[in-house]
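Undergrad: here are the coordinates; sequence isn't available:
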């Protein structure tokens with residue numbers, strides 16, 4: 001178990017194969033003369049079967065030569081890498097396993113977890129060498145019509161509102177989604193879009209990865225429904241450290257969308 005993977009700078013020995021396991025991802029790392037090679041594979045296509053502990057270890061011999069390598073050459077010999085957790089490079093559309101309704105004039109927080117996108121950096125560099133999902137999500141279209149919307153990833157959620165019932169899964173990032181239904185009728189939560197580009201990642205004292213709270217306010221006039229990223233962090237992030245940056249800076253920290261784009 002690598003407890004501090006997300007905060008450490010990791011040193012690698014030349015001519016040695018290292019294996020990093022995160023979720024379904026198995027990443028094989030080799031340091032050569034002024035060159036890094038990376039090979040990777042996935043253990044499973046079942047998103048619920050990826051609860052192995054995160055582990056980085058040196059192997060006794062080279063393995064997985066059957067996998068195509070990704071080569072990164074550089075002028076100066078670099079012996080260290082940093083691994084950082086990010087959210088997906090597209091929004092994730094999460095669908096409940098069973099129908100979920102929120103009555104009128106109710107507010108509830110649902111906890112949705114999504115797979116880590118593993119970002120690999122040279123120390124001091126802002127742009128990653130490589131990014132890999134720790135689980136391969138399928139694509140889906142999210143929007144009210146074929147010509148209005150965006151290409152996203154598809155995932156599932158259980159709709160847990162009790163934090164104690166949330167499984168401890170080291171390969172996933174928890175996003176609290178606070179939903180307020182000020183509409184006149186029940187709100188059926190058929191799909192929830194997580195705007196991954198806008199969310200930072202925090203590591204709390206329990207070594208859990210979290211994002212800020214995504215707040216969704218549904219008004220009587222559905223066109224005035226809004227999404228906001230709350231500035232105040234969830235109580236579970238007390239003494240948390242910021243370990244992953246959002247892909248897109250949003251100075252206003254406010255995303256406004258219609259109800260069509262939230263629950264289509």
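TA: Looks like it arrived, so ask away. Worth saying up front: this structure is predicted, and the values here are computed from it rather than measured.
Undergrad: Can you pull up the most central residue in this structure?
TA: In the chain, the residue lying closest to the centroid (CA atoms, centre = their mean) is residue 87, at 3.0 Å.
Undergrad: Let me see the ranges of the helices in this protein.
TA: Residue ranges of the helices in the chain, as given by DSSP state H, are 259-262.
Undergrad: Low-confidence ranges, it, go.
TA: Across the chain, the ranges flagged by pLDDT under 70 are 1-3, 45-51, 63, 250-264.
Undergrad: most remote residue from it's center?
TA: In the chain, by CA atoms, centre = their mean, residue 184 is the one farthest from centre (33.6 Å).
Undergrad: got the contact list for it?
TA: Taking CB atoms under 8 Å, 6 or more residues apart in numbering, we find residue 184 in contact with 104, 220. Just so you know, the C-beta spots here come from the backbone N, C-alpha and C atoms, and that holds for glycine as well.
Undergrad: Residue 166 now?
TA: Contacts of residue 166 (CB under 8 Å, 6+ apart): 111, 113, 160, 174.
Undergrad: can you pull the buried residues of stretch 24-42?
TA: Residues of stretch 24-42 classed as buried by neighbour count (16 or more other CB atoms under 10 Å): 24-31, 36, 38-40.
Undergrad: of the residues you listed, closest to residue 238?
TA: residue 25 (29.7 Å; CB to CB).
Undergrad: Excluding chain neighbours, give the residue nearest to the closest one in space.
TA: Distances taken as CB to CB, 6 or more residues apart in numbering place residue 134 nearest to residue 25, at 4.3 Å, with adjacent residues excluded.
Undergrad: roughly how far apart are the one you found and residue 191?
TA: 22 Å (CB to CB, to the nearest Å).
Undergrad: And those two? Which one has more around it.
TA: Taking neighbours as other CB atoms under 10 Å, residue 134 and residue 191 compare with residue 134 leading, 23 against 18.
Undergrad: I figured residue 193 hits residue 95, correct?
TA: No. Using CB atoms under 8 Å, residue 193 is not in contact with residue 95; the gap is 10.5 Å.
Undergrad: Looking at the two, which one has more neighbours?
TA: Counted by other CB under 10 Å, residue 193 and residue 95 do not tie: residue 193 has more neighbours, with 23 against 14.
Undergrad: could you check the distance from that one over to residue 140?
TA: From residue 193 to residue 140 the distance is 10 Å (CB to CB).
Undergrad: What of residue 66?
TA: Note on residue 66: its distance to residue 140, by CB to CB, is 31 Å.
Undergrad: Among these two, which residue is more densely surrounded?
TA: For residue 66 versus residue 140, neighbours defined as other CB under 10 Å are more numerous around residue 140 (18 against 7).
Undergrad: On the strand side of things, show who the closest residue to that one other than its chain neighbours bridges to.
TA: Nearest residue to residue 140, sequence neighbours excluded (CB to CB, 6+ apart): residue 154, at 3.9 Å. Counting by DSSP bridges, residue 154 is bridged to residue 93, residue 138.
Undergrad: Test my guess that residue 154 contacts residue 91.
TA: No. Applying CB under 8 Å, one finds residue 154 not in contact with residue 91, separated by 10.5 Å.
Undergrad: Which one's more surrounded, those two?
TA: residue 91 (20 against 16).
Undergrad: Before I go, just wanted to say thanks for your time.
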